[in-house]
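**Q** give me a model of this one.
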Amino acid sequence: MPDLSINFAGIKSPNPFWLASAPPTNSGYQVMKAFDAGWGGAVWKTLGVPVVNVSSRYGSVDYRDKRMMGFNNIELISDRPLADNLREIEEVKKRFPHHAVIASLMVQSRQEWHDIVRDAENAGSDGIELNFGCPHGMCERGMGSAVGQEPEVLQTIVEWVMEVARIPVIVKLTPNISDITEPAMAARRGGANAISLINTIQSIVGVDLDLFAPYPIVDGKGSNGGYCGPAVKPIALNMVKNCAQHPDVRLPISGIGGIETWRDAVEHILLGASSVQVCTAAMHYGFGIIREMTSGLEQYMREKGFHTIDDMVGRALPNVKHWEDLNLKYKVTAHINPDKCIGCQLCYTACEDGAHQAIKLNAGTRIPEIIDENCVGCNLCSLVCPVEQCITMERRDDGTQHQTWKERTAADDIPVTFNDERAGGLHHWVPEPAAALGKEKHKTLPGKARQYQEVVVTE
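**A** Just a heads-up that it's a prediction; the model follows:
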């Protein structure tokens, strides 16, 4: 049986799934309910001088039948008295001594940091997370992402915290920065024990077309907020990878951003995270999603032969390269399985209009045909195809050659003029411009579309 327990920078929990600092961790009631459901840890909603929040607070991006594909909030840190939060942290730790309770903190002065760190420790917190990522409301007050975007300031505050901290300190980083490894390195220089990323992305999710105000609307007005949810996972994964690969960061990483299923969590772990934090999915579906997450993770670990979470951490990193290190001799082309094709011809439209005109339609059939000599292996057709494994990418090279852009550069074998013969596109067939005229208009006429769709390949 795989062991899901972790020791993250000295913080132990029965599994790597933590609730992120957010509305789901606003009270001891919620955290106890989550732990009872199976969550391994929780980062308490950020504590500081209590705020006054607005109404409404949330907005979302819906995509087709997917609600809350992206989620936006303009809610601030805890509006509850510090004493109440500390008392409830103590209660939770008494009931769940083996679960991780991390206090997220945000204050201003050195003395305030010293005081609130001691308060969190005395309440029984297992760790502290410094919120240097909030992109709205608090940053206007000189906190949140205003700190996370200034590595020197971040380092100074971490040093203040480390003067008194006796439990592990995690620094939560903002993605609203050009290079996230800069604040990550500053956190290490300041003495932090770990980092967590990403916090939310500064955003506006939409505009009311009648009121002319951005969502969520507060008395006819709006503001930018923090963006999260499934839509931000690719950004989060890239930033986790950047920090995990950087030789001067070398800190445990708690991965945050778009984690909704066990697969999302595994992707973060394979790119260097050793714990993961979840917010939007819990707000969308409730704490019960943890059952699928833990069972899915266990099954994956069994299938791959992983005994512990540490066995998985960073396993994908050796395969993440710079573009210049990729093999230019690797060649794949698309293949359409006629037995699975439903004749929607979406692949043809996508390739014809958005890619490399490497698919043709033939009279008497709705099944498209790949023009092998013109296919560059871009994958677009397989990505738009609605039928699993109908279009597959098949390798065409024999695997004996390996050449990278870096190697070609070193060998002085790269295009250097505008019409250089060594450029790939110079040898790629493209239809004459005038051949496009009338095709799109004619395609909309039933029964007439194919007479202009025969593609002729020329040298």
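**Q** against Leu426, how distant is the residue lying closest to Asp325 once chain neighbours are set aside?
**A** Leaving out its chain neighbours, the residue that sits closest to Asp325 by CB to CB, 6 or more residues apart in numbering is Thr404, at 5.3 Å. Every residue, glycine included, has its C-beta placed from N, CA and C. If you measure Thr404 against Leu426 using CB to CB, to the nearest Å, the figure is 20 Å.
**Q** more neighbours, these two?
**A** When Thr404 and Leu426 are compared on other CB atoms under 10 Å, the one with more neighbours turns out to be Thr404, at 17 against 10.
**Q** pretty sure His335 contacts Ile391?
**A** Yes. With contact taken as CB atoms under 8 Å, His335 and Ile391 are classed as touching, separated by 6.9 Å.
**Q** more neighbours, those two?
**A** Here His335 and Ile391 are compared on neighbour count by other CB under 10 Å; more neighbours surround Ile391, at 23 against 15.
**Q** so what's the more buried one up against?
**A** For Ile391, the contacting residues are 334-337, 347, 381-382, 385, taking CB atoms under 8 Å, 6 or more residues apart in numbering as the criterion.
**Q** in the sheet, who's paired with it?
**A** Per DSSP bridges, the residues bridged to Ile391 are Ile336.
**Q** distance of it from Ile367?
**A** Distance from Ile391 to Ile367, counting by CB to CB: 11 Å.
**Q** Leu82: neighbour count?
**A** Residues contacting Leu82 under the criterion other CB under 10 Å number 17.
**Q** what's the answer for Asp79, then?
**A** When neighbours are counted by other CB under 10 Å, Asp79 registers 12.
**Q** pretty sure it contacts Val52?
**A** Yes. In this structure Asp79 lies within contact range of Val52 using CB under 8 Å: 6.5 Å.
**Q** where along this protein do the helices fall?
**A** 28-37, 82-95, 110-122, 145-148, 151-162, 181-190, 233-245, 262-270, 280-285, 290-304, 346-354, 380-384, 405-410, 439-443 (DSSP state H).
**Q** tell me the buried residues in the fifth one?
**A** Residues of helix 151-162 classed as buried by neighbour count (16 or more other CB atoms under 10 Å): 151, 153-155, 157-158, 160-161.
**Q** with the third one instead?
**A** Taking 16+ other CB under 10 Å as the basis for neighbour counts, the residues of helix 110-122 that come out buried are 113-114, 116-117, 119-121.
**Q** list just the nearest of these to Tyr300.
**A** In terms of CB to CB, no member of the buried residues of helix 110-122 lies closer to Tyr300 than Ala120, at 34.4 Å.
**Q** which residues touch the closest one?
**A** When the contact criterion is CB under 8 Å, 6+ apart, the partners of Ala120 are 47, 86, 89, 103, 105, 128.
**Q** state the pLDDT value of Thr458.
**A** What the model reports for Thr458 is a pLDDT of 46.
**Q** which residues of this structure score low on pLDDT?
**A** Counting by pLDDT under 70, the low-confidence segments of the chain come to 136-138, 140, 143-144, 442-459.
**Q** distance of the spatially most central residue of it from Gly257?
**A** Most central residue of the chain, judged by C-alpha distance to the mean C-alpha position with CA atoms, centre = their mean, is Lys233 at 1.8 Å. Applying CB to CB, one obtains 6 Å for the distance of Lys233 from Gly257.
**Q** next: Pro368.
**A** Between Pro368 and Gly257 the computed distance is 37 Å (CB to CB).
**Q** do Leu361 as well
**A** In this view, Leu361 and Gly257 are 41 Å apart by CB to CB.
**Q** so those two - more neighbours on which side?
**A** Neighbours around Leu361 and Gly257, counted as other CB under 10 Å, are more numerous at Gly257. The numbers are 33 against 19.
**Q** which non-adjacent residue is nearest the more buried one?
**A** That would be Ala236: by CB to CB, 6+ apart, it lies 2.5 Å from Gly257.
**Q** how long is stretch 320-337 from one end to the other?
**A** Stretch 320-337 has an end-to-end distance of 31 Å (CA to CA, to the nearest Å).
**Q** cool, stretch 338-354 as well?
**A** Stretch 338-354 has an end-to-end distance of 23 Å (CA to CA).
**Q** buried residues in it?
**A** Along stretch 338-354, the positions that meet the burial threshold by neighbour count (16+ other CB under 10 Å) are 341, 345, 347-352.
**Q** now do that stretch: distance to the chain's middle.
**A** Centroid separation between stretch 338-354 and its chain, computed with CA atoms, centre = their mean, to the nearest Å, is 30 Å.
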